[in-house]
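Asker: from the sequence below, what's the structure:
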Amino acid sequence: MSYSFFYWIHIVSYIVWLLAFAGSLFYGYRVWSEKDAVEKRKFMRLERLITSIGGHLGALGILVSGWAMTSISGGPQWGWFSVQLYPWLAIKQLLFIVILVLIVFSIRRSRIFKKRLKQEEGNAMGTDTSDKWRRAYWMSLSIYILVVINTLLGLTRPLLAF
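Answerer: Numbering: from 1, shown residues only. The predicted structure follows:
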């Protein structure tokens with residue numbers, strides 16, 4: 001496969017992640033503003049679904065395409081790059097590692113929420129369920145903010161190259 005193929009997979013993966021961010025914000029707002037418990041529960045599920053799908057596809061796509069771009073001889077050969085020559089790339093890579101670590105915690109929080117939601121099926125929603133969703137939501141938002149920063153680092157790299 002060509003470098004440009006994986007380059008576009010990389011870009012599309014970031015777009016998917018950013019669209020998931022927009023969807024998460026939309027449904028997060030709907031959860032906060034909804035008074036009906038059944039609707040609130042539905043919006044919580046949708047928000048978690050969008051975050052799970054978008055986050056997993058985005059992270060996996062970026063991880064695989066990034067690895068492929070470094071190993072294909074057709075494009076720029078970053079390989080083991082010099083941090084002095086490419087500080088923006090070093091920051092971007094470190095930030096992505098932090099994002100991947102936080103995703104593990106986010107998945108755990110999301111699973112705890114889903115398990116609690118399943119236990120309450122048919123019952124009134126308790127404050128514990130809302131609290132578990134809120135914790136998972138804020139973890140996801142922090143990851144999304146880091147993704148936006150990482151995206152901006154990639155877009156502005158010519159400005160940061162020394």
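
Asker: spatially nearest residue to Leu100 (excluding sequence neighbours)?
Answerer: Computed as C-beta to C-beta, 6 or more residues apart in numbering, the closest residue to Leu100 that is not its neighbour in sequence is Ala59, at 6.6 Å. In short, each C-beta sits where N, CA and C put it, glycine included.

Asker: what packs against the strand or helix carrying that neighbour?
Answerer: If you go by DSSP states H and E, Ala59 is part of helix 37-71. Counting by 3 or more C-beta pairs under 8 Å, 6 or more residues apart in numbering; DSSP states H and E, the packing neighbours recorded for helix 37-71 are helix 3-33, helix 87-119, helix 127-155.

Asker: can you redo these as JSON lines with mean neighbour count and distance to Lys40?
Answerer: As requested, the helices and strands packed on helix 37-71 are arranged in JSON lines below (neighbours: other C-beta atoms under 10 Å; distance: least, C-beta to C-beta, whole Å):
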{"stretch": "helix 3-33", "mean neighbour count": "17", "distance to Lys40": "6"}
{"stretch": "helix 87-119", "mean neighbour count": "15", "distance to Lys40": "11"}
{"stretch": "helix 127-155", "mean neighbour count": "17", "distance to Lys40": "8"}
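
Asker: would you turn these into a markdown table with mean pLDDT and distance to Ile50?
Answerer: Output for the helices and strands packed on helix 37-71, formatted as a markdown table (pLDDT from 0 to 100; distance: least, C-beta to C-beta, whole Å):
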| stretch | mean pLDDT | distance to Ile50 |
| --- | --- | --- |
| helix 3-33 | 92 | 4 |
| helix 87-119 | 89 | 11 |
| helix 127-155 | 90 | 10 |
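
Asker: spatially central residue in the chain, please.
Answerer: Residue closest to the average C-alpha location in the chain (C-alpha atoms, centre = their mean): Gly55, at 3.9 Å.

Asker: any idea how far the helix holding Ala59 is from the chain center?
Answerer: Relative to its chain's centre, helix 37-71 lies at 6 Å (C-alpha atoms, centre = their mean, to the nearest Å).

Asker: next one: stretch 23-36
Answerer: 18 Å.

Asker: which residues are contacting it?
Answerer: With C-beta atoms under 8 Å, 6 or more residues apart in numbering as the test, stretch 23-36 has contacts from 40, 43-44, 46-47, 50-51, 54, 133, 137, 140-141, 144.

Asker: returning to what we had before: mind listing what the residue nearest to Leu100 touches?
Answerer: Contacts of Ala59 by C-beta under 8 Å, 6+ apart are 13, 17, 99-100, 103.
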